[in-house]
Structure formats: structure tokens, C-alpha cells
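Peer 1: I would like to see how this sequence folds:
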Amino acid sequence: MELAASTALYAMGIVAQTVAARRAEQRPGVGLGLLARLATDRLYLIGFAGQVGGFLLAFFARASLPLYLVQAGCSSSVGLATVFGVLVLGWRVRTVEVAMLGVMISGLVLLAAASTPSVARDVPTGQGLVLLGVPLLVAVLAVRARLVITSVSLAVLAGMAFAVVAITSRTLADGPLLELPFDPLAWLMVAAALVGQACFAVSLQRGSATSTAASMDATTVTLSSVIGIAALGDQIAPGREWWVVVGLGLVTLGLLAMGAVSRQAPAVAAASAGEAG
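Peer 2: Numbering: from 1, shown residues only. This is a model prediction of the structure:
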């Protein structure tokens, strides 16, 4: 139930944020500057509220469910958002994007079918800050130095940041909620969420909504699934280990294919931005 509600809220957030980001005035600058401009857009704030609500529900689901199941459920919001965008907003989705989205969904279904409930191992605070915080800092510096400018590369960075959110929340979700403000990992989780939002907003402006969200979610699912199994004690149903291997392989394949397709997306995005304005 928590996962279903989380998926619906995430889908609403993707649609609202896409429309808001594309109609925003495009100016040079890093993602945080774009977020500051979008902070005055009611539609974007509605989308942001949807993502916050989706995150809160997913946070509670991670207390007992492995990351590959929760992230698979959350990532299915891409499909819901795409269907809504096509039927209601007239989004133009290319056949190859639909095909690659189907490949990714097939992988996510396998991951979900192989899952079994479990409680995560605790991560030492110092170790968690170093192992998760340093890559996040490198990503921020890369964006600020304009080493990462394409829509798909920004989407991948957003996925990395949200993977940090998923991993930290998995370790925190089964603890006392009142103690979260005093846990450094909780603040790292918040910082990662802000970085992810900034990269996601810029990526939506520069590329296809479907490929952007799909690339971001595929990155998050892949990274969080691997780390969840390797370090957090996430369990796999007996005899279904290969389901996870194949599922992650399909998701990765979908990510790479979406990345190739997204290089042609700016023209489509520009047309959609004109229609939204």
C-alpha cells in the first residue's frame, strides 16, 4: 500500500516538475540557481510536494523491504507519468523510448519478484559519511565546473544522488524518528536529495522527460540494489539470484539505450517547451 501510494505521488511530481521546468526562463547557471527560480512556480511546488510525499512513504517502506523492491516500485512512476503526459498533456514519446522503457520495466519486474522482506544492517556514521558523502561532493563539483552538461549525464548524477538518499534512508528507517535530526546520516540524506533535485530540474529542461526520468531511476535502482545486497544485507528469495542479475542487466541496458536516444532530445524538448508556454 505504501509503495503504491508512493508511486502515484512520484508520477504526479514528475509531470508537474517537467511542465514547470520547461516553461521556466532558461538562463546559464548551476542547478541550484534554477531551483531558486522554480521556487516561485506553484506548479513546480506542487510537483515537489508530490515527490516529498512519495519519498516519505518510500522511506517507511524501506524499514522492512529491500532497496531493489522499493526502488523498483518507485521507478514505475515513470510509466504512470508518461501515460498521463501522453493522454492529458499531449507529450510526444518516440517509439524507441517506449521500447527502452519496456526493457527497463521488465528488469524492474524481475527485481520485484526476487525480493523478500529484511531489515538493513546499521552503517557506522563515519564510514557512511565518507563512502556516500565523497561521491556526492565530487558530483556537485563536476556540475559547478560544467564538466557535466548533457541531459542524460545530469540525469545519471541525479540518480546517483537519489541512490545516496535511498541507501541512507534504508539504514535510518527502522530507527526512532525523533532521533533523526541528530543523526549526521540524516543530514547527508537531505543534502543528497537537494543535489538530486537540482540535477533533475536542469536535466528536464534540456532533454526528453521520459528518457530523463528513466535514466535517473535506472541509475538509482542499479546502484541502490547492488549496495543494498552487498553491504546492507538485503535478501533475495531462494533460487531467484539470477532474477536479480538479469533484472539489473535489463535496467542497465535500458539506461544506456535511453542515454543514446536522449542525445537527440533537446529539439523535442524545445518544441514541448514552446507548447507549454
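
Peer 1: what are the ranges of the helices in the stretch 51-200 of the chain?
Peer 2: Ranges of helices within the stretch 51-200 of the chain are 67-75, 77-84, 95-113, 125-144, 151-172, 184-206, based on DSSP state H, counting those that start in this stretch.

Peer 1: Which helix or strand lies directly C-terminal to the last one?
Peer 2: Towards the C-terminus, the helix or strand next in line after helix 184-206, according to DSSP states H and E, is helix 209-231.

Peer 1: Also compute the angle for that following helix relative to helix 125-144, please.
Peer 2: With axes from the mean of the first three to the mean of the last three Cα atoms, to 10 degrees defining the directions, helix 209-231 sits at 150 degrees from helix 125-144.

Peer 1: so residue 220 touches residue 166, yeah?
Peer 2: Yes - the pair residue 220 / residue 166 is scored as a contact, 6.3 Å apart, by Cβ atoms under 8 Å. (Each C-beta comes from the backbone N, C-alpha and C, glycine too.)

Peer 1: what is in contact with those two at once?
Peer 2: Common neighbours of residue 220 and residue 166 (criterion: Cβ atoms under 8 Å, 6 or more residues apart in numbering): residue 71.

Peer 1: which stretches of the chain have low pLDDT?
Peer 2: The model of the chain has pLDDT under 70 over residues 1, 23-37, 147-149, 209-211, 255-256, 258-277.

Peer 1: ok, now which residue in it is the farthest from the centroid?
Peer 2: residue 239 (28.9 Å; Cα atoms, centre = their mean).

Peer 1: would you say it is within a helix?
Peer 2: No - in this structure, residue 239 is coil, not part of a helix, as judged by DSSP: H, G, I helix; E, B strand; the rest coil.

Peer 1: nearest residue to residue 17 other than its sequence neighbours?
Peer 2: residue 47 (3.7 Å; Cβ to Cβ, 6 or more residues apart in numbering).
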